[in-house]
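Visitor: give me a 3D structure for the following:
(one chain, ligands or ions: 1)
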Amino acid sequence: MTLDQLGAFQREMLETVGQNNYKAWIEPLEFADIQDGVATFNVPTNFIGNYVSQNFGDLLIHKLTSLGETVQRVHFRVANSAAAPRVTSPSIETAAPVSETVRPSPQTRLETSKAELPGAPLDARFTFDSFVVGKPNELANAAARRVAEGGPVSFNPLFLYGGVGLGKTHLMHAIAWELQNRRPDLNVLYLSAEQFMYRFVQALRDRKMMDFKELFRSVDVLMVDDVQFIAGKDSTQEEFFHTFNALVDQNKQIIISADRAPGEIKGMEDRIRSRLQCGLVVDLHPTDYELRLGILQSKVEQYRSQYPDLVLADGVLEFLAHRISTNVRVLEGALTRLFAFASLVGREITMELTQDCLSDVLRASERKISVEEIQRRVAEHYNIRLSDMIGPKRLRNFARPRQVAMFLCKQLTSRSLPEIGRRFGGRDHTTVMHGVRRIEELRSSDGQIAEDLELLRRALEA
Ligand SMILES: Nc1ncnc2c1ncn2[C@@H]1O[C@H](COP(=O)(O)OP(=O)(O)OP(=O)(O)O)[C@@H](O)[C@H]1O
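Guide: Reported below is the predicted structural model:
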């Protein structure tokens, strides 16, 4: 392709996909050559290659063809792939280090990817830099960073768990990215538990179990996301157990994530559960207001380049951080929608526009948890009578659950301390404050209390 043609191609792409898409996805592509109907582009990451392949592959072919080139396929090659660290993923479709868009025969893509042992579909946005740290996730972040240094294995496995959308996958990807930078010599394998199972079943079907075992035993760092997926799947668990043991025996690092603590994963064999608990188990707590605000602020910074002209009124971020407390994914989605909407209608992001644009999200997160509901749940959980919890008895058996309930009331409702005190048999607000503080202290020193709180919170928010 001549320089003129290349210029025309770039202009046409810009016109068609718009400035934001162009900057994010097309500009990073470096045209390499066209040979035998295959146009090759160098891309900085697999993620960009995969994304462009899926979303703009046909368009690229169309534009190149309209400039007089004969192109049937587009091929993406990760720049410096020879020197790049080996981050591999057994997923067939999504994770090819080389993505291809093939117009006439989609089958070719599958076959090419399979033969090449696809690379991990790491999300380029999920790095430590973009991970906002607050009290609820500081321990998980610190543990992840330690593992990402790639030094001697000090805890094995690292087990990260937490509710939906609290950043488990983000941290896992961040570890993988960081390891790529610091220890390109290491063979890092990141995959979801579902992909592990898929790969295992495929190996069984194709009678390639030896290859499967070899692949999994040859990695230096194994990262398995959403391990609860293999609960109840006996043969997959069995194989996972052997893989796990083989790697631990070789002192290879394992990092696991799940939506709950190892002990709570039903349908998981006891021996696996206890293995999972052997290393460091860290919990990503539900976000608090400060963390949510920090995340929103950091996202706004990212949007600034995409929407340079948008004006954001004071108080909007605080309002969102206060009102949307479900999970970070919902929070992010709300902000994305708000920015896109405001840019479309060309208006400032005021409180009014926010309420209009996000009315459904705001309504959905409106569900209020009552003090009574909390008291009932906590009494059930500790197997005591509601009347004993609210009543005057000071026995430890009743006092601790009472403090737990007070703590949850403070956390999950907007009631003031005096109001909470009134509903706990007319206690003074200083008693409530003392109870809340006591539980706050115990949460970091007493694993059982931390677990109780998490279980109760989930049950109440469900
Ligand atoms: N502390 C944080 N800082 C910045 N972004 C965050 C943070 N926590 C979560 N996110 C963002 O929230 C979204 C959801 O996070 P992620 O996919 O990692 O959640 P998850 O815990 O793996 O959820 P699931 O249980 O659904 O798999 C992602 O876009 C992620 O970047």
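
Visitor: secondary structure element holding Val361?
Guide: helix 359-364 (DSSP states H and E).

Visitor: run through who's touching that helix.
Guide: The contact list for helix 359-364 (CB atoms under 8 Å, 6 or more residues apart in numbering) reads 323-324, 326, 330, 333-334, 337, 355. C-beta coordinates here come from the backbone N, C-alpha and C atoms, glycine included.

Visitor: return the set of buried residues in it.
Guide: 361-362 (16 or more other CB atoms under 10 Å).

Visitor: centre of the chain to it, how far?
Guide: 23 Å (CA atoms, centre = their mean, to the nearest Å).

Visitor: right, and the helix or strand after it?
Guide: With elements assigned by DSSP H and E, the helix or strand that comes after helix 359-364 is helix 371-381.

Visitor: which strands or helices does the helix or strand that comes right after that following helix pack on?
Guide: Next helix or strand after helix 371-381 toward the C-terminus (DSSP H and E): helix 386-390. For helix 386-390, the packing partners by 3 or more CB pairs under 8 Å, 6 or more residues apart in numbering; DSSP states H and E come out as helix 371-381, helix 396-412.

Visitor: now for the closest residue to the ligand within the stretch 251-400 of the chain: which residues touch it?
Guide: Taking CB to the nearest ligand atom, the ligand has its nearest neighbour within the stretch 251-400 of the chain at Val328, 3.5 Å off. Val328 is in contact with 165-167, 287, 292, 295, counting by CB under 8 Å, 6+ apart.

Visitor: winner for burial among the helices and strands packed on helix 386-390?
Guide: helix 396-412 (a mean of 21; mean count of other CB atoms under 10 Å).

Visitor: would a markdown table of the contacts of Val328 with secondary structure and neighbour count be doable?
Guide: Output for the contacts of Val328, formatted as a markdown table (DSSP: H, G, I helix; E, B strand; the rest coil; neighbours: other CB atoms under 10 Å):
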| residue | secondary structure | neighbour count |
| --- | --- | --- |
| Gly165 | coil | 18 |
| Leu166 | coil | 24 |
| Gly167 | coil | 27 |
| Thr287 | coil | 28 |
| Arg292 | helix | 25 |
| Ile295 | helix | 22 |
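
Visitor: near the ligand, from the residues you listed?
Guide: 165-167, 295 (CB under 6 Å from any ligand atom).

Visitor: between those, which is nearest the ligand?
Guide: Among the ones next to the ligand among the contacts of Val328, Gly167 lies closest to the ligand (CB to the nearest ligand atom), at 2.9 Å.

Visitor: ok, now how distant is the closest one from Val221?
Guide: Relative to Val221, Gly167 is positioned 19 Å away (CB to CB, to the nearest Å).

Visitor: are we agreed that Glu239 is in a strand?
Guide: No. Assigned with DSSP: H, G, I helix; E, B strand; the rest coil, Glu239 falls outside any strand and is helix.

Visitor: just the strands from the stretch 51-200 of the chain, written as ranges.
Guide: Using DSSP state E, counting those that start in this stretch, the strands of the stretch 51-200 of the chain run over residues 73-78, 87-88, 100-102, 158-162, 188-192.

Visitor: neighbouring strands for the longest one, and are they parallel or not?
Guide: Looking at strand 73-78 with DSSP bridges, its paired strands and their directions are strand 38-43 (parallel), strand 100-102 (antiparallel).

Visitor: on that earlier part again, top of the contacts of helix 359-364 by neighbour count?
Guide: Ile324 (23 neighbours; other CB atoms under 10 Å).

Visitor: dump the residue contacts of that one.
Guide: For Ile324, counting by CB under 8 Å, 6+ apart, the contacting residues are 292, 330-331, 334, 361-362, 365.

Visitor: excluding its backbone neighbours, what's nearest the residue sitting nearest the centre point of the chain?
Guide: Among the residues of the chain, the one closest to the centroid is Thr169, at 3.0 Å (CA atoms, centre = their mean). Nearest non-adjacent residue to Thr169, counting by CB to CB, 6 or more residues apart in numbering: Asp225, 5.8 Å away.

Visitor: so what's the one you found up against?
Guide: Contacts of Asp225 by CB under 8 Å, 6+ apart are 168-169, 172, 190-193, 257.

Visitor: any chance of the residues you listed in JSON lines, plus distance to Ser130?
Guide: Shown next, in JSON lines, are these (distance: CB to CB, whole Å):
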{"residue": "Lys168", "distance to Ser130": "15"}
{"residue": "Thr169", "distance to Ser130": "13"}
{"residue": "Met172", "distance to Ser130": "14"}
{"residue": "Tyr190", "distance to Ser130": "17"}
{"residue": "Leu191", "distance to Ser130": "22"}
{"residue": "Ser192", "distance to Ser130": "21"}
{"residue": "Ala193", "distance to Ser130": "25"}
{"residue": "Ser257", "distance to Ser130": "18"}
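
Visitor: lowest average pLDDT across the strands paired with strand 73-78?
Guide: Per-segment mean pLDDT for the strands paired with strand 73-78 reaches its minimum on strand 100-102, at a mean of 40.

Visitor: where in this protein is pLDDT low?
Guide: Low-confidence segments of the chain (pLDDT under 70): 20, 47, 79-120, 366-367, 461-462.
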